[in-house]
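> got a predicted structure here, sequence first:
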Amino acid sequence: MTVTPDRLTPMANAIRVLSMDAVQAANSGHPGMPMGMADVATVLYSQFLKFDPAAPKWPDRDRFVLSAGHGSMLIYALLHLTGYEAPTMDDIRNFRQLHSPCAGHPENTELPGVECTTGPLGQGLAMAVGMAMAERHLNAVHGDDLVNHRTWVIAGDGCLMEGVNHEAVGLAGTLKLGQLNVLWDDNAITIDGDTALSTCEDIPARYAASGWHVTRCDGHDFADIARALAEAAADPRPSLVACKTVIGQGAPNKAGSHSVHGSPLGADEVAAARAALGWTAAPFEVPADILADWRSLGAKGAAERAAWEARLAASPNRAAFEAGQQGLKGKAVPALKDYIDGLISSPQKVATRKASEMALGPLTEQLPALIGGSADLTGSNLTKTKATATFSADDYTGRHVHYGIREFGMAAAMNGMALHGGLVPYGGTFLVFADYCRNAIRMSAIQHAQVVYVLTHDSIGLGEDGPTHQPIEHVMSLRAIPNLLVFRPADVVETAECWALALEAEGTPSALALSRQNLPQLREQGGMLSAKGGYRLKAAEAARQVVLVATGSEVEIALASAKALEAEGIGADVVSMPCTELFDAQDAAYRADLLPAGVLKVSIEAGVTLGWQKYVGDGLTIGIDRFGSSAPADQLYDYFGLTADKIVPQIKARLGR
C-alpha cells in the first residue's frame, strides 16, 4: 500500500495529538518539538527510512536517532503508529511514569527501535556519526549486498550549539560520511526564548565549511521536505537539512513560543489544538484509517528485509558477517593464550600502555570486529597495531581512527559504533582528559555499550608534564560510574587479562588506566587471576598482621613494603586489585578471605584516598589528596610518600611497633 500525499496531514496530526495528550496526562514533558517536526518525521518514515517493525534489530535497517531526546514523544508515537510491539497505547498513556518504557528521554534499553539513549544534547548526533562510520566500515568489508543503509538524525538548536557537535561535525566531514543525514529542527527557539538571545552563528555556513552538503526546506510542506531529503540522500557528503519549522505547530495560541518547549500545553490549549487540527478522536485513540496508513509502512520494510535475508543466505561473506554480529564473548581469552604463556616464560618490564599495545597485537590480528583509534595521541596511547590500517575516507576497511583532538566526539562516536553492532570500538587519550569525555563514558554505561577506553599516563608517574596532566581524582571518579569496569593493571600479564575481561564484558564498557612508566612483571603464572577483580599476589610468611591492597604501579611498591615488613617479623599479604567492580561482585567468603577482619588493612594508590575506606575500614589509606607537581617520576613518588621507605614506618606506627 502506498500512502498518498493527501493522507500525510492526518498521519502527521496523529503524532501531534499523541504527543500533546501524553505530555498533558503526565503534566510533564516537551510537546513543542514533536508537534513541530511531525511533518518532517512523517515524510521520513513514509518515503525514506528503511525499517521493519517486526525485526527491530535487522542489521541492514536504517538507523534513526532522535538527538533532540527531550522530544521523546516523537519517537514513541512513531514506534507505536508504525507497528512496533512496543510501546503500546497503555505505555504512552503512562508516559514519564515509573516502569513505563516511555521514559522522559528515549532509552535504548527500554524499547526496540530506539537506537540510542538521548537527552544530553549533541550526543545523539555524535553517536550517529559513529553509526555512520560503522556502516561504512562494514560496507567496505562485506559489500553493498549485506551492508548499505543510512543514518538519519533529528536534531534541534541545542544539539547544534553543544561543543560535541563541533567535534562530531568535523569528524564526519573529514571522513565524508555520505550516508549520514541530519534533519535540523530549525525553529529558532530554546528554553530561554528566541535563539538570538544566545547565538548569532551561521550554522549552515559552519557545516558547509566542515565539508557537509547543506540544503533547506519548509518543514511544513510535504513536497519540499521530500525534495530536500532526496537531495540529501543523493549527495556523497554528509548532509544537513535545515527544516524551517514552528515549534508547537498545531497549537493555535502557543505555537512559535518557548512556552511549548518544555511544558504541557494546558487543557484549554489542547482542546483548541484538537479543534484547529480537526481531530475528533478521544485522547489516546487513533482513527482506524490513519493507523492503517502508518501500519502499511511496516509491510514495505518487511519486503526489503526478506530480500536482504535472501542475499545474506547466498553470500560468500555470510559466515564472516554473522561472526561479527555475534560479538567477542568467548573469543578474547583464546586469542591471548599463547601471548600470555610467552610472558610467563619470558617476563617483560614495560609500561602498561606498552603492555596494552602488545596485547592488542594478537587481539586485532584474530578479532576483526575490533576497531581502535586515538584522540591525536596514537604514539602515546599506543592503540595502533600492525593489523589496523588507518580508517579514512580513502579506505573504510581500516581499523584505526585518527579522531583528532576530539576526546568527547571520539567517545560519543564509539558509543554509536558499539550500538550499531558488528564492531567493538576502543579509543585512547590521556586519563586526565577522560573529563573531556566523561558524559559520553557515562552514556556508555547507561546504554550498556561495549566500548573500551584506553586511558594512559595514569598518575604522577607521567612526571614532568605536571599537575595539569597528572590524574589524581580520575580513577576513583570513574569507579563511581555504575556499570563501568575500571581496570588498573599492575604489569604486562594483568594488562593482557584486563583486555580479555573488557572484551568478555558484553553490555558493559571498560576503562583501562595505564602507566607511562615501565613496570616490572610481577606475575609468574597465568590463570586469569584478574577475573575476580582482586587476588592475593603474595601471602604472608610470618604471622599475618597486615594486608596491603594496591593497584597499578603501586603494586610493586606494596611488594617492596611487604618485604621490608617481613624482615622485621611482620607478616604481610599483598592483594593486587586491578578492578574493584569485579572484586565487589565476588561472594562474601572470597572477599573476607582476601580482606579478613582483625588485621590492619592498607590501601596504596597514587590518587585520592576517597573510596578506599570501603576496603580497609579504619586502616591506612595511602595516596595523594592534592594536585601533583612537575618533576621526574621517581622524585614525585618520594615527595608524595609513595615509597616503601615512607610507607613502612606508617604501618609500624599503626601496629605499635
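Arrived safely. Numbering: from 1, shown residues only.

> longest helix of this structure?
helix 288-314 (DSSP state H).

> could you tell me the model confidence score at residue 595?
Looking at residue 595, its pLDDT reads 98.

> still on that earlier bit, could you point out which element follows the longest helix of the chain?
Counting by DSSP states H and E, the element after helix 288-314 in chain order, helix or strand, is helix 318-325.

> list the buried residues of that next one.
Going by neighbour count (16 or more other CB atoms under 10 Å), the buried part of helix 318-325 is 321, 324. Using the backbone N, CA and C atoms, a C-beta is placed for each residue, glycine as well.

> can you name every helix or strand that the next helix or strand after that helix contacts?
For helix 318-325, the succeeding helix or strand toward the C-terminus, using DSSP H and E, is helix 332-345. Helix 332-345 sits against helix 352-366, helix 492-504, with contacts defined as 3 or more CB pairs under 8 Å, 6 or more residues apart in numbering; DSSP states H and E.

> show the subsequent helix or strand relative to the last one.
Following the chain from helix 492-504 toward its C-terminal end, the next helix or strand by DSSP H and E is strand 510-514.

> next secondary structure after that next one?
Using DSSP H and E, the helix or strand that follows strand 510-514 in sequence is strand 518-519.

> show me what counts as buried in stretch 325-339.
Buried-residue list, stretch 325-339, by 16+ other CB under 10 Å: 327, 328, 331, 332, 333, 335, 336, 339.

> export those residues to a markdown table and tack on distance to residue 429 and pLDDT?
Shown next, in a markdown table, are the buried residues of stretch 325-339 (distance: CB to CB, whole Å; pLDDT from 0 to 100):
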| residue | distance to residue 429 | pLDDT |
| --- | --- | --- |
| 327 | 25 | 95 |
| 328 | 22 | 96 |
| 331 | 26 | 96 |
| 332 | 22 | 96 |
| 333 | 27 | 96 |
| 335 | 25 | 97 |
| 336 | 24 | 98 |
| 339 | 25 | 98 |
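
> which one of those residues is nearest to residue 421?
residue 327 (8.7 Å; CB to CB).

> can you pull the contacts of that closest one?
Shown in contact with residue 327 (CB atoms under 8 Å, 6 or more residues apart in numbering): 369, 424, 450, 506.

> hmm, 6 Å instead?
Contacts for residue 327 (CB atoms under 6 Å, 6 or more residues apart in numbering) come out as residue 506.

> thought residue 92 was touching residue 22?
Yes. Assessed by CB atoms under 6 Å, residue 92 is found in contact with residue 22 at 5.3 Å.

> for those two, indicate the residue with more neighbours.
Applying other CB atoms under 10 Å to residue 92 and residue 22 shows that residue 22 carries more neighbours, namely 29 against 23.

> pretty sure the more buried one sits against residue 95.
Yes. Look at residue 22 against residue 95 with CB under 6 Å: they come within range, at 3.9 Å.

> distance check, the residue lying closest to residue 281 once chain neighbours are set aside against residue 279.
Of all residues not flanking residue 281 in the chain, residue 287 sits nearest, at 5.5 Å (CB to CB, 6 or more residues apart in numbering). As judged by CB to CB, to the nearest Å, residue 287 and residue 279 stand 9 Å apart.

> who has more neighbours, these two?
A count of neighbours by other CB under 10 Å puts residue 279 above the other of residue 287 and residue 279, at 21 against 13.

> residues contacting the more buried one?
13, 17.

> low-confidence ranges, the chain, go.
1-2 (pLDDT under 70).

> repeat that for 50
In the predicted model of the chain, no residue satisfies pLDDT under 50.

> from the middle of its chain, how far away would stretch 255-273 be?
34 Å (CA atoms, centre = their mean, to the nearest Å).

> which of the residues in it are classified as buried?
Neighbour counts over stretch 255-273 (16+ other CB under 10 Å) mark 255-266, 269-270, 272-273 as buried.

> who touches that stretch?
20, 23-24, 27, 30-32, 189, 191, 193, 246-254.

> between the two ends of that stretch, how far is it?
Its first and final residues considered, stretch 255-273 spans 10 Å by CA to CA, to the nearest Å.

> contacts only, for the residue nearest to residue 579 when sequence neighbours are not counted.
Nearest residue to residue 579, sequence neighbours excluded (CB to CB, 6+ apart): residue 533, at 4.4 Å. Residues near residue 533 by CB under 6 Å, 6+ apart: 579, 582, 583.

> what about the residues you listed, which are in strands?
Among the contacts of residue 533, none falls in strands (DSSP state E).

> filter the residues you listed to the buried ones?
Neighbour-count burial within the contacts of residue 533 applies to 579, 582, 583; the criterion is 16+ other CB under 10 Å.

> show me those residues that map onto helices.
Using DSSP H, the buried ones among the contacts of residue 533 in helices are 582, 583.

> all the helices of the stretch 1-150 of the chain, residue numbers only.
8-26, 32-36, 38-43, 73-82, 89-93, 123-142 (DSSP state H, counting those that start in this stretch).

> by contact count, what packs against the third one?
Helix 38-43 sits against helix 8-26, helix 222-234, with contacts defined as 3 or more CB pairs under 6 Å, 6 or more residues apart in numbering; DSSP states H and E.

> turn the ones you listed into a markdown table, columns for distance to residue 127.
Below are those laid out as a markdown table (distance: least, CB to CB, whole Å):
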| stretch | distance to residue 127 |
| --- | --- |
| helix 8-26 | 23 |
| helix 222-234 | 19 |
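
> residue 283: neighbouring residues, count only.
Residue 283 has 14 nearby residues by other CB under 10 Å.

> equivalent analysis for the one 10 residues further on, please.
When neighbours are counted by other CB under 10 Å, residue 293 registers 22.

> that one against residue 3, yeah?
Yes. Here residue 293 reaches residue 3: they are 5.2 Å apart, a contact under CB under 6 Å.

> quick revisit: can you redo the buried ones among the contacts of residue 533 as JSON lines with distance to residue 571?
Formatted as JSON lines, the buried ones among the contacts of residue 533 follow (distance: CB to CB, whole Å):
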{"residue": "579", "distance to residue 571": "26"}
{"residue": "582", "distance to residue 571": "27"}
{"residue": "583", "distance to residue 571": "22"}
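
> let me know the closest of the buried ones among the contacts of residue 533 to residue 300.
Looking across those and measuring by CB to CB, the closest to residue 300 is residue 582, at 46.7 Å.
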